[in-house]
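Asks: Sequence and computational prediction follow.
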Amino acid sequence: MAISIIRTLILYTVMVTSMRVMGKRQLGELEPAELVVAILISDLAANPLQDLGTPLAYGLVPVMTLLFCEVMLSAVVLKSRRVRRAVSGTPSVIIENGALDRAEMKRNRYTIDELSEHLRKNGVPDISTVKHATLEKDGTLSTVLYAAEAPAIPKQMNLAVPEPEIPLVVISDGEVIGDSLKKLGFDEKWLSKRLSENGNAGVDEVFLMTADKSGKIYIAPKEQK
């Protein structure tokens, strides 16, 4: 039993490290080569877990080899556009100036139902409002609406709007995040004052508190027992 637990922990650590090395991508955003590597790594790592008689190295060596190949390929892809196109593919224009490119849809085996679904997910219920639509390499659809159909922005309406501030977590489950306070330019004295103003006696009573540089805060108190 102990051996099984140790093997599992080792493989788990290797798997997590491998995914971290591959970069910050969601599963649906993986390039084809990256997806293949992720599937192969999970399959190779499963063998030593299913059969304790299989040497652990039989799982670790192929995983590390695949990871090394992925890192090397990523380095080549960064430097060579030709390799990048061969490995990752290129985006496909599905709608150009409002006209469907049926040949491109057929080449990508992309159906009308899939196009309609992706448009709805982008908040576009009417295909006639789309000027350009591009099927990206990760399978997502990027759309550009006709100017008359696109939402107006403050610049077009000659409106002056303040730049948004990004709120940071300053209290998490009763614990003060000192780094966040420092980045915002506040201190614990300011924090205590704001808590008191909002009816909270202390940090221990707060489950979540966020603040931005303008002083705007959000407080979620802990549930009363």
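Replies: Everything's here; your move.
Asks: give the contact list for Arg194.
Replies: By C-beta atoms under 8 Å, 6 or more residues apart in numbering, Arg194 lies in contact with Ala211, Ile217. From N, CA and C alone the C-beta is placed, and that goes for glycine too.
Asks: how close does it get to Ala220?
Replies: Using C-beta to C-beta, to the nearest Å, Arg194 is found at 14 Å from Ala220.
Asks: What strand or helix carries Val169?
Replies: Per DSSP states H and E, Val169 falls inside strand 168-172.
Asks: outside of the helix or strand just after that strand, which residues touch it?
Replies: As assigned by DSSP H and E, the chain's next helix or strand after strand 168-172 is strand 175-176. Under the criterion C-beta under 8 Å, 6+ apart, residues Val170, Glu188, Leu191, Val203 lie in contact with strand 175-176.
Asks: Then stretch 143-157?
Replies: 95, 98, 119, 122, 124, 129-134, 160-161.
Asks: go on, stretch 208-216?
Replies: Contact with stretch 208-216 is made by 165-173, 180, 184-186, 194-195, 217-220, as judged by C-beta under 8 Å, 6+ apart.
Asks: Stretch 218-225 now?
Replies: Contacts for stretch 218-225 (C-beta under 8 Å, 6+ apart): 167, 173-174, 195, 198, 200, 204-211.
Asks: mind redoing it with 6 Å?
Replies: Among residues not part of stretch 218-225, those counted as contacts by C-beta atoms under 6 Å, 6 or more residues apart in numbering are Asn198, Glu205, Val206, Phe207, Leu208, Met209, Thr210.
Asks: What about those residues, which one has the most neighbours?
Replies: With neighbours taken as other C-beta atoms under 10 Å, the top of the contacts of stretch 218-225 is Met209, carrying 25 neighbours.
Asks: and the angle from the helix or strand containing that one to strand 168-172?
Replies: Element membership of Met209 [criterion: DSSP H and E] is strand 206-211. Relative orientation of strand 206-211 and strand 168-172, computed by axes from the mean of the first three to the mean of the last three C-alpha atoms, to 10 degrees: 160 degrees.
Asks: Averaged pLDDT, strand 206-211. What do you get?
Replies: On average, the pLDDT along strand 206-211 is 93.
Asks: show me where this structure has strands.
Replies: Per DSSP state E, the chain carries strands over the ranges 92-96, 99-100, 130-135, 141-145, 168-172, 175-176, 206-211, 217-221.
Asks: would CSV of those with distance to Leu44 be doable?
Replies: Output for those, formatted as CSV (distance: least, C-beta to C-beta, whole Å):
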stretch, distance to Leu44
strand 92-96, 33
strand 99-100, 42
strand 130-135, 32
strand 141-145, 33
strand 168-172, 37
strand 175-176, 40
strand 206-211, 41
strand 217-221, 43
